[in-house]
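Student: Requesting a structural model of the entry that follows:
(chains A and B)
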Protein chains: 2
Amino acid sequence: MAKQKPRTLSGFMELLPAPQAQFERMAELLRQSYARYGFTPLDTPVIEASEVLLAKAGGETEKQIYRFNKGDSDLSLRFDLTVPLAKYVALHYAELSFPFRRFQIGKVYRGERAQRGRFREFYQADIDVIGDGKLDIVNEAEIPAIIYHTFTALGLRRFQVHVNNRKVLSGFYAMLGLTDQSGDIMRIVDKLPKIGPDKVRELLTGGELALPEEQAGEILTFISITGSNQNVLDSLECYRGRHELFDQGLDELNTVVKYLGAFGVPEEHFAVDLTIARGLDYYTGTVYETFMLDHPEIGSICSGGRYDNLAEYYTDKQLPGVGISIGLTRLFYVLEEQGYLNDALITAPADVLVLPMTDDLSPAISLATRLREVGVRTQLYTEPKKFKQKMSYADKLGVPYILLLGEDEIKQGKASLKDMRTGEQELLSADQAVEKILRTLEASRNAPPIREPEKA
Amino acid sequence: MAKQKPRTLSGFMELLPAPQAQFERMAELLRQSYARYGFTPLDTPVIEASEVLLAKAGGETEKQIYRFNKGDSDLSLRFDLTVPLAKYVALHYAELSFPFRRFQIGKVYRGERAQRGRFREFYQADIDVIGDGKLDIVNEAEIPAIIYHTFTALGLRRFQVHVNNRKVLSGFYAMLGLTDQSGDIMRIVDKLPKIGPDKVRELLTGGELALPEEQAGEILTFISITGSNQNVLDSLECYRGRHELFDQGLDELNTVVKYLGAFGVPEEHFAVDLTIARGLDYYTGTVYETFMLDHPEIGSICSGGRYDNLAEYYTDKQLPGVGISIGLTRLFYVLEEQGYLNDALITAPADVLVLPMTDDLSPAISLATRLREVGVRTQLYTEPKKFKQKMSYADKLGVPYILLLGEDEIKQGKASLKDMRTGEQELLSADQAVEKILRTLEASRNAPPIREPEKA
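Tutor: Prediction:
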């Protein structure tokens, strides 16, 4: 028979079992962390009616959409989890309680140009808090805590949450009479870390903007405000009283910083950063980006912010919210590339492989059943292969333990437990074996999926 | 602004938060159960190249496919998890260890005619064991144990795994010289539970088949073999020696039944059932169906079997396997319809809602942080609403506890813990509150998602 060559589409991540186990562990820890903060899990369809999904979209986004007809229906695959959330909240408004806190971890689709590290199908892991009409600022203060605890749970240490407030930015540009140009200015200012202040000044005073040197100077002074969070806030106080929106944003920023400690965020994991702007049309208050200190080139690994109108394309209700998103597939790709995956995490499909050495398999099966009943992930190997091949299979899987069961062991009511990492072998009762396996595996089972490489 | 009416496509399940929490709990328990048996989690793309995905498909299946072009690519959404597994194993053959045991829980797509309880996007939860060239019969004996333990973990009690062997069936029809007609005969026999033996006899002796009365009688006698598993096996022994394939199938069936006890499957949850046939072209050995005893009309809730050639459309390697699949979305729908969802399971997004009664929120935030650190799912409610509205919010969410924190409580270093189910309120230290919440919630946290209704 002619064979079809098997292949997986480019831009679609398909992992081998060991890295997949790492990925699953990350997703599991994200679910746990989000649930810890009182978010409810949600799941929405991957396919939506195009008219619904694209009510807002346009330009670049629309080009990337997977859109097609099935029968009479014009359908599209979701390209993020925010638009489906907006639809969900508008559609089920009457049945939800607000503030509505949901998390969703799901695949989204963008037909991007294929290139290394870019994915057309990828997981996003989002949380959002949606208010009905209003939403208290404390929700914005809580987000850095969620980011901090989530990445810490994953095993990441050297990262920092950067926070700004769009009202502070907009208020500042309003002071200078540059409200109309603020979008263009922020796009230039956004490049500061990459191109440096001189080049930024050049772009501000040149081209279509053509700002006077003095205004460019004020902008550069403003975005150069750095130092400890308190230093930045103190410096911003000097601008107070000149514009209402600025003052409001500064109050919000003060509130966010004030509650950090109570939320358990260590100072070194947080920075007020006036260069952060995020999406220009959508966010209206606090905005967040998260950087790996040793890999700033990767960009933000968790971003989001406060918005005023989640579902304006679907409903007249004002639904303000605050949310963040982790691009999980890309993050995983980057962590693997950089050697950040913790190889102390057991990625084998089982904790123990039971190897029967007798024709009647009943004793081996009973042993496996007992192990499974107490929570040990157990695989039974019954293929009629040579002992060496069985051991080689155990080796390849990476199981931490094997349990050998031959006539001698069965007569004694015992089994031989071999630690595959040390090579040690002991004759133990089933109870003793269970106890040893559970005790020694607890640490590696709970190991975080990320381990930062030792610094050179 | 003109609004786009929000809607979700028909045939796409989108749950409210409480049932979604139930669904998530089911999926979590499936993952745990499958992992307990040594299966590794796998994830493959939802989109595949059409030429790859449809290498085997044809007829009814192909009509249901979501197929479309993006750029120059002819793409299709997966319609099951078996074809992607075949592709995966063929593609990554050199990097896998066999037997390869994987589970996958993922969405699949079929453009079926929309009707109540039929879904176009639905989750399948599959396990498969794939051998390289050969696969031992014990793998087939293990499957009923996995089904039994999985449904038991979910909370289902009144169900039974029905098992047959295709070799027994094919061998029997070969004995009668009816090999060529066996497909048609099995399709008729399959209707036995619905139409009864007289109608089956009529179909066998009439129409194109037109079997002699004697052969129809032999078939009816054969498929009427019932009773305890041992009775059925004993009756089958009477046919031994007449056809090699039959004898082989009977040996396999004996092996499967022999090891049931060691695998921990109680006799009453298992039945050898000669009327089970499954897919006619694909399965070659043991086949499985699983029925809810009080709802036979629902049909099988977990089916599968042994096959000889997983990936014949992709590779010359012979890859036999055995697998089962649960249609999770449909199962969930049915369970909800029948009132089988356990309302003792907490579906609120949080175990406790912290309600600050002071302007400075630091003490309440610190309390929430402490609760979260020890694993209590905690939500902080900071909206400036009236007390009554706050309580109504807690009620609607269904949180089991609220913690009130006013000036008095703060002065005493305590908080008022209110049990929302009993209405009782106590003034407790943070430690006491944590202890009480964790202790009382353990049972409802570990509650199974399914609870069978009391029999009338």
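Student: hey, where'd the helices end up in the stretch 1-150 of chain A?
Tutor: Remark: helices of the stretch 1-150 of chain A, listed N- to C-terminal, are A:17-36, A:50-53, A:60-64, A:82-91, A:138-154; assignment by DSSP state H, counting those that start in this stretch.
Student: ok, residues contacting stretch A:418-433?
Tutor: A:367, A:370-371, A:394-395, A:398-404, A:409, A:412-417, A:436, A:440 (C-beta atoms under 8 Å, 6 or more residues apart in numbering or on different chains). C-beta here means a position set from N, CA and C on the backbone, and glycine is covered the same way.
Student: hmm, 10 Å instead?
Tutor: With contact meaning C-beta atoms under 10 Å, 6 or more residues apart in numbering or on different chains, stretch A:418-433 is reached by A:348, A:352-353, A:355, A:366-367, A:370-371, A:374, A:376, A:391, A:394-395, A:397-405, A:408-409, A:412-417, A:434-437, A:440, A:444.
Student: So which of those residues belong to helices?
Tutor: In this view, those that belong to helices under DSSP state H are A:366-367, A:370-371, A:391, A:394-395, A:397, A:408-409, A:412, A:434-437, A:440, A:444.
Student: Now list the buried members of the residues you listed.
Tutor: By the neighbour-count criterion of 16 or more other C-beta atoms under 10 Å in any protein chain shown, those include these buried positions: A:S366, A:L367, A:R370, A:L371, A:M391, A:A394, A:L397, A:E409, A:V434, A:I437.
Student: now, among the residues you listed, which is nearest to chain B?
Tutor: A:S366 (4.6 Å; C-beta to the nearest C-beta).
Student: Torsion angles phi and psi at the residue nearest to the closest one when sequence neighbours are not counted?
Tutor: If the residues on either side of it in the chain are set aside, A:S366 comes closest to B:A262, at 4.6 Å by C-beta to C-beta, 6 or more residues apart in numbering or on different chains. Comment: the main-chain dihedrals of B:A262 come out as phi -60, psi -30, following degrees, to the nearest 10.
Student: With distance to B:T382 and mean pLDDT added, can I get the helices of the stretch 1-150 of chain A in JSON lines?
Tutor: As requested, the helices of the stretch 1-150 of chain A are arranged in JSON lines below (distance: least, C-beta to C-beta, whole Å; pLDDT from 0 to 100):
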{"stretch": "helix A:17-36", "distance to B:T382": "17", "mean pLDDT": "97"}
{"stretch": "helix A:50-53", "distance to B:T382": "33", "mean pLDDT": "94"}
{"stretch": "helix A:60-64", "distance to B:T382": "34", "mean pLDDT": "78"}
{"stretch": "helix A:82-91", "distance to B:T382": "20", "mean pLDDT": "97"}
{"stretch": "helix A:138-154", "distance to B:T382": "4", "mean pLDDT": "97"}
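Student: Adding distance to chain B, write these out as JSON lines.
Tutor: Output for those, formatted as JSON lines (distance: least, C-beta to the nearest C-beta, whole Å):
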{"stretch": "helix A:17-36", "distance to chain B": "4"}
{"stretch": "helix A:50-53", "distance to chain B": "6"}
{"stretch": "helix A:60-64", "distance to chain B": "10"}
{"stretch": "helix A:82-91", "distance to chain B": "4"}
{"stretch": "helix A:138-154", "distance to chain B": "4"}
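Student: JSON lines please, covering those helices and showing mean neighbour count and distance to B:V200.
Tutor: Conversion of the helices of the stretch 1-150 of chain A to JSON lines gives the following (neighbours: other C-beta atoms under 10 Å in any protein chain shown; distance: least, C-beta to C-beta, whole Å):
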{"stretch": "helix A:17-36", "mean neighbour count": "20", "distance to B:V200": "46"}
{"stretch": "helix A:50-53", "mean neighbour count": "20", "distance to B:V200": "49"}
{"stretch": "helix A:60-64", "mean neighbour count": "13", "distance to B:V200": "56"}
{"stretch": "helix A:82-91", "mean neighbour count": "24", "distance to B:V200": "48"}
{"stretch": "helix A:138-154", "mean neighbour count": "23", "distance to B:V200": "59"}
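Student: Output these as a markdown table; include the columns distance to B:Y313.
Tutor: Shown next, in a markdown table, are these (distance: least, C-beta to C-beta, whole Å):
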| stretch | distance to B:Y313 |
| --- | --- |
| helix A:17-36 | 23 |
| helix A:50-53 | 33 |
| helix A:60-64 | 32 |
| helix A:82-91 | 35 |
| helix A:138-154 | 39 |
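Student: of those helices, which approaches B:S170 most closely?
Tutor: Judged by C-beta to C-beta, the one of the helices of the stretch 1-150 of chain A that comes nearest to B:S170 is helix A:17-36, at 34.5 Å.
Student: now the closest one against helix B:17-36, angle please.
Tutor: The directions of helix A:17-36 and helix B:17-36 differ by 150 degrees, with axes from the mean of the first three to the mean of the last three C-alpha atoms, to 10 degrees as the criterion.
Student: list the buried ones in stretch A:404-416?
Tutor: Within stretch A:404-416, the residues scored as buried using 16+ other C-beta under 10 Å are A:L404, A:L405, A:E409, A:I410, A:K414, A:A415, A:S416.
Student: Show me the contact partners of that stretch.
Tutor: In this structure, residues lying in contact with stretch A:404-416 by C-beta under 10 Å, 6+ apart are A:353-368, A:371, A:387, A:390-391, A:402-403, A:417-418, A:425-430, A:432-433.
Student: From those, keep the buried residues only.
Tutor: Applying a neighbour-count criterion of 16+ other C-beta under 10 Å, the buried members of the contacts of stretch A:404-416 are A:353-356, A:361, A:363-368, A:371, A:390-391, A:402-403, A:417-418, A:428, A:430, A:433.
Student: Mind putting the buried residues of stretch A:404-416 into TSV with pLDDT?
Tutor: Conversion of these to TSV gives the following (pLDDT from 0 to 100):
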residue	pLDDT
A:L404	96
A:L405	96
A:E409	94
A:I410	95
A:K414	96
A:A415	96
A:S416	97
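Student: Now go through those residues and say which are in strands.
Tutor: A:L404, A:L405, A:A415, A:S416 (DSSP state E).
Student: Farthest-apart pair in the residues you listed, please.
Tutor: For these, the farthest-apart pair by C-beta to C-beta is A:L405 and A:S416; their separation is 7.6 Å.
Student: how about a markdown table for the ones in strands among the buried residues of stretch A:404-416, with distance to B:T221 added?
Tutor: Below are these laid out as a markdown table (distance: C-beta to C-beta, whole Å):
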| residue | distance to B:T221 |
| --- | --- |
| A:L404 | 47 |
| A:L405 | 43 |
| A:A415 | 46 |
| A:S416 | 50 |
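Student: ok, of the residues you listed, which one's closest to chain B?
Tutor: Proximity of those to chain B was ranked by C-beta to the nearest C-beta; the top entry is A:L405 with 12.2 Å.
Student: Just grab the bridge partners of the closest one for me.
Tutor: Beta-bridge partners recorded for A:L405 (DSSP bridges): A:P356.
Student: what about it, distance to A:A350?
Tutor: Noted for A:L405: a distance of 15 Å to A:A350, by C-beta to C-beta, to the nearest Å.
Student: Over to A:T226?
Tutor: Where A:A350 is concerned, A:T226 sits at a distance of 51 Å (C-beta to C-beta).
Student: go on, A:Q432?
Tutor: Counting by C-beta to C-beta, the gap between A:Q432 and A:A350 amounts to 19 Å.
Student: Could you do A:K418 as well?
Tutor: 14 Å.
Student: residues shared between the contacts of those two?
Tutor: Common neighbours of A:K418 and A:A350, counting by C-beta under 10 Å, 6+ apart, are A:A394, A:V399, A:P400, A:Y401, A:I402.
Student: Near chain B, which residues of the stretch 151-300 of chain A are found?
Tutor: Proximity of the stretch 151-300 of chain A to chain B, by C-beta under 10 Å from any C-beta of the partner chain, involves residues A:T255, A:K258, A:Y259, A:L260, A:G261, A:A262, A:F263, A:G264, A:V265.
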